[in-house]
Each structure stands twice: as structure tokens, then as C-alpha cells.
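Colleague: here is a sequence together with a model predicted from it:
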Amino acid sequence: MTELLFRDDGYLRSCEARVTSVDNRGIRLDRTVFYPNGGGQPGDIGALRLASGELIAIVDTVKGDGADDVVHVPAPGSPALTPGTTVTAEIDWERRHRLMRMHTCLHLLCAVVPGAVTGGQVSDGRGRLDFDVPGSALDKDAITAGINKLIAEAHDATPRWISDDEMAAHPELVRTMTVKPPVGAGRVRLMEIAGVDLQPCGGTHVKNTAEIGPVTITKIENKGRQNRRVNIAFAE
Ligand SMILES: [Zn+2]
């Protein structure tokens, strides 16, 4: 089990931590600011800084075996760490912040385009969502204008928790049909963009939509009879 500091504060850039185990998959810490790849958001990169000042580059972060198990993947050839070692875990903040902005932006895309979401991916500087919509009546310029309006309106984005029972009573909260909310832990994390979007999400987000900055729909692709892939990127 790793204490997931990014879950309560996505703006934490570093933390002190202790190495709990090391195996051929990577390094586990007792606590971390590194987000592991999941829910369409890539894992963080960064470094573990030793007391000596030496840096172990982290090239990816992935989920381990349990729900809160995070594996930090070191660059090939990195020196081996010993369990018990104290490190400072530092993410590549510039990249993470771009991922947070784009991730939050995909929630807005979800609110602007009607139809169930069948998949999605956040990348550095761009993102995409697949929608199950009959016909091909999605207008690139109208969607771009709709999202930029929500960004400019500066809506707060805040996480909150509900119980598994509340989640079961409100299936309409689930917008992404292919990603089941992580029930079983007793509670589910909801992401609320005030007045715009509310859905279960475990990723990292900016605090206010204004922080996203201008975006543009770059392409709408047909991926099957009903499936439309909407691609989005930062405008600057
Ligand atoms: Zn999210």
C-alpha cells in the first residue's frame, strides 16, 4: 500500500518518502506524488533524489497489484535502491500540469458532446474521447467554441467522495461506459466541475477551468458506424 498524496492534492510536486520494496518491475514507496498510468492519464515521470544528491530517473509510473499499489519505473541501468532508504520523490511538474489541464478539459468535452463515452486518452498537449453518437452531426467549430466558453467561465473543479451505495443508486453518473467506477473500497471519488460535469474519476485535475487555457478541436474521426473520435489540443 502506498499513500497516494496526489489524490487529495494534485499540485504537490515532491514529497519525502521511504523505499518499501524493489523488484524487477520497479520501486515502491510508502507515499508518493507520482500518479500511476490509469483512467486514460499517463503515469508521471520525474526522479527520486537520494540524501547524497544523486538522482534516480523515473521514466514511468504504473499500478502494481493492489488498488493503492504504485510502482515507480527507474531508467535502465539505475543504481539499485535498498528498502528503508529515504528519498525525495519529485515529479516532472511542467508535464504533469499539462496533463492535468488536458484531463480537466476532457471533462468539459464530455459535457459539450452528447452521447456515451466509449474511450479516451490524455497525452502531453493533446487528448481524445470516443463518443457513441449516431450520425455524424458533430461540428468541430461549435465544440471548440463550447469548450472555450466553459474554460473562460472559470468553473471550480473539486473532488468529493461518495459511498459505494450512493454510487450504485446513481448509475447516470457514469459517462465512460468502458471504465467501471472503482467500487469495493467502500467509497468512490467523484470529480465535480461546478454546474458542468460530475462523474467518478481518479485522475488529477486543475482547480479551475480557467487554468486550462484556450483549446481547439483538431479532428473528428469516424471509428465505426456510431463511434466518433474527437481530438483536442492546446491552442497555444
Ligand atoms: Zn478526471
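Modeller: Thanks, I have it.
Colleague: close to the ion: what parts of this protein are there?
Modeller: Residues of the chain found near the ion (C-beta under 5 Å from the ion) are M191, C201, G203. Just so you know, the C-beta spots here come from the backbone N, C-alpha and C atoms, and that holds for glycine as well.
Colleague: would you turn those residues into CSV with secondary structure, neighbour count and distance to T209?
Modeller: Formatted as CSV, the residues of the chain next to the ion follow (DSSP: H, G, I helix; E, B strand; the rest coil; neighbours: other C-beta atoms under 10 Å; distance: C-beta to C-beta, whole Å):
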residue, secondary structure, neighbour count, distance to T209
M191, strand, 20, 12
C201, coil, 25, 15
G203, coil, 22, 15
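Colleague: now, which of the residues you listed sits nearest L55?
Modeller: G203 (26.5 Å; C-beta to C-beta).
Colleague: state the pLDDT value of that closest one.
Modeller: Confidence at G203, expressed as pLDDT, is 93.
Colleague: could you do P181 as well?
Modeller: 59.
Colleague: what does P114 give?
Modeller: So P114 comes in at 83 (pLDDT).
Colleague: over to the one 4 residues further on?
Modeller: We note a pLDDT of 89 for T118 in this prediction.
Colleague: so it versus the ion, what's the distance?
Modeller: Look at T118 and the ion: by C-beta to the ion, to the nearest Å, they are 16 Å apart.
Colleague: for this structure, which spans come out with low pLDDT?
Modeller: 135-136, 175-184 (pLDDT under 70).
Colleague: OK, contacts around the residue nearest the centre of it?
Modeller: Geometric centre of the chain, nearest residue: G203, 3.3 Å, by C-alpha atoms, centre = their mean. Counting by C-beta atoms under 8 Å, 6 or more residues apart in numbering, G203 touches Y35, G38, G39, G40, Q41, H103, V122, M191.
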